[in-house]
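[1] Pasting the sequence and the predicted model now:
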Amino acid sequence: MQNDHTEATRTDEIDLLQLCCTLWAGKWLIVSCTVLAMLLAGAYAFFVAQPRYVSSVHLNAPVASSLDGLNRGREAAGLEPYTPKKAYEFFALSLTSDSTFQQFVRRVLSYPEDVPLSASLLEQNAWRLNIAVPDPRGRNLYRVTASAHTPEQAQQHLALFLGIAQAQAMSALLDDASNEVAIRINGIESTLAAQRAIALQQRQDRIVRLREALAVAEAIGQDSPQINLARPSSPESLKDYLEGKELYARGVRALKAELDVLESRENDDAFIDDLRKNEARLKLLRAISPQTDSLLLYRLDGAVLTPVVPVEPRKALILALAMAIGGVLGVFWVLVRNMVRTQRRPG
């Protein structure tokens, strides 16, 4: 058994030695394959592959003072002002929407507005933009990265995308603000219309009561008021005298005077409670005019740096992989050639 083990060890040593000799004999073929692979990879990395530069930035919520133009007149009109968090929510929705990305691709490619973008075209250009959502455990920062073939284009594409996101977010926010103001205006206008209609109906009811009381006063010959100023009546009877059951007791002259005034009145605004208050609120709501010319719904967290080194192609990695693949192919070729030669030798 010891002899068998020794013999097997010698056989392994012979096979390993033979393999080394075979590879050494084909060393120039291995070197040639390696050099050829590296030359092809170098030609691709340095002359064929387009470089890709990236420009990125972190985005944060705007500061409260930057929203003064947006909130102008809202608090005075009884509306809640937009907070930085609320404004940033509109921007975040626009930032991650498909509509913003499609508009970005259309602008980058100068694609006609009347021609719809295909799904394949959008997928082919997905490399141009990357949006990293905030980490729930960290700060509420979005990271936007734009890629292009030159450093200048990378920065331009980043600015273009942020501009499109800002415009769409601002449009959505202004629509929201306008709808809120319109709802409040419609509510107050409905209230004013109801108040005026009720006041008119109350005046007409008063006229009907006065006419009936006038008819009664004329029928009984009650020309002067029936109240003794020296001995005024009780509050209950005075109320009946002025407004209700004994209105005729005021006398013909008083009833005709009030009736003439009510019938000649053009409107009842001066006699409606809270009407002027509602009109003031309506005026404030209609005066709301957001100033958004220089408003940004986000804030840059740090400066946008100009990319210097392209992230692709990774030339060193490509050359290293080419050297490894060329060496493996060379070794494989040498072994296959040696095996073929061995099989062709006469037994």
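    That came through, no problem. If you're wondering where the values come from, they're calculated on a predicted model, not measured in any experiment. Numbering: from 1, shown residues only.
[2] Run through who's touching stretch 60-72.
    Outside stretch 60-72, the residues that touch it by Cβ atoms under 8 Å, 6 or more residues apart in numbering are 81-85, 87-88, 139-141, 173, 177, 288-301. In short, each C-beta sits where N, CA and C put it, glycine included.
[3] Would you mind checking those residues for buried ones?
    82, 84, 87-88, 141, 173, 177, 288, 290, 292, 295-298 (16 or more other Cβ atoms under 10 Å).
[4] what's the burial count for residue 308?
    7 (other Cβ atoms under 10 Å).
[5] Pop the domain breakdown of this structure in here.
    Structural domains assigned to the chain are 13-49+313-347, 201-286, following automatic domain parsing.
[6] Comparing those, which yields the minimum mean pLDDT?
    Mean pLDDT across the domains of the chain is lowest at domain 13-49+313-347; the value there is a mean of 79.
[7] Helices along the stretch 51-200 of the chain, start to end?
    84-95, 98-108, 119-124, 151-220 (DSSP state H, counting those that start in this stretch).
[8] Tell me which of those helices sits most buried.
    With neighbours taken as mean count of other Cβ atoms under 10 Å, the helices of the stretch 51-200 of the chain reach their highest mean count in helix 84-95, at a mean of 19.
[9] which other helices and strands contact that helix?
    Contact here means 3 or more Cβ pairs under 8 Å, 6 or more residues apart in numbering; DSSP states H and E; on that basis helix 84-95 packs against strand 53-60, strand 142-148, helix 151-220.
[10] now with 6 Å?
    For helix 84-95, the packing partners by 3 or more Cβ pairs under 6 Å, 6 or more residues apart in numbering; DSSP states H and E come out as helix 151-220.
[11] What is the most widely separated pair among the buried ones among the contacts of stretch 60-72?
    The distance between the two most remote of the buried ones among the contacts of stretch 60-72 (Cβ to Cβ) is 31.9 Å, for 141 and 288.
[12] thought residue 151 was touching residue 307?
    Yes - at 4.7 Å, residue 151 counts as touching residue 307 under the criterion of Cβ atoms under 6 Å.
[13] Which neighbours do these two have in common?
    Jointly contacting residue 151 and residue 307 under the rule Cβ atoms under 6 Å, 6 or more residues apart in numbering are residue 53.
[14] From residue 248, how far out is residue 220?
    Relative to residue 248, residue 220 is positioned 7 Å away (Cβ to Cβ, to the nearest Å).
[15] for residue 272, same thing?
    28 Å.
[16] Compare those two and say which is more crowded by neighbours.
    Taking neighbours as other Cβ under 10 Å, residue 272 and residue 248 compare with residue 248 leading, 22 against 16.
[17] Tell me who's in contact with that one.
    By Cβ under 6 Å, 6+ apart, the residues touching residue 248 are 213, 216-217.
[18] Correct me if wrong, but residue 273 is in a strand.
    No - using DSSP: H, G, I helix; E, B strand; the rest coil, the secondary structure at residue 273 is coil, not a strand.
[19] For the buried ones among the contacts of stretch 60-72, give me CSV that also has distance to residue 156 and pLDDT.
    Formatted as CSV, the buried ones among the contacts of stretch 60-72 follow (distance: Cβ to Cβ, whole Å; pLDDT from 0 to 100):
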residue, distance to residue 156, pLDDT
82, 30, 94
84, 28, 94
87, 26, 94
88, 25, 94
141, 23, 90
173, 26, 95
177, 31, 94
288, 36, 92
290, 29, 90
292, 24, 84
295, 22, 88
296, 18, 89
297, 21, 93
298, 18, 93
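[20] Reformat these as TSV; add distance to residue 312.
    Shown next, in TSV, are the buried ones among the contacts of stretch 60-72 (distance: Cβ to Cβ, whole Å):
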residue	distance to residue 312
82	41
84	37
87	36
88	32
141	25
173	37
177	44
288	50
290	43
292	39
295	37
296	31
297	32
298	28
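[21] Model confidence for residue 12, exactly?
    Looking at residue 12, its pLDDT reads 51.
[22] Let the chain start at 195 from now.
    Okay, using 195 as the starting number, the last item reads as residue 206.
[23] With only the CA atoms kept, save stretch 258-267 in CSV.
    C-alpha atoms of stretch 258-267 as CSV (Å, rounded to 0.1, in the frame of the first residue of the first chain):
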residue,chain,number,x,y,z
ALA,A,258,-39.7,79.6,5.6
SER,A,259,-38.7,83.1,4.6
SER,A,260,-38.4,82.1,1.0
LEU,A,261,-42.1,81.4,0.9
ASP,A,262,-43.2,84.9,1.7
GLY,A,263,-44.1,85.7,-1.9
LEU,A,264,-46.2,82.5,-2.1
ASN,A,265,-48.1,83.2,1.2
ARG,A,266,-48.7,86.9,0.6
GLY,A,267,-52.2,87.8,1.7
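[24] Thanks a lot, catch you later.
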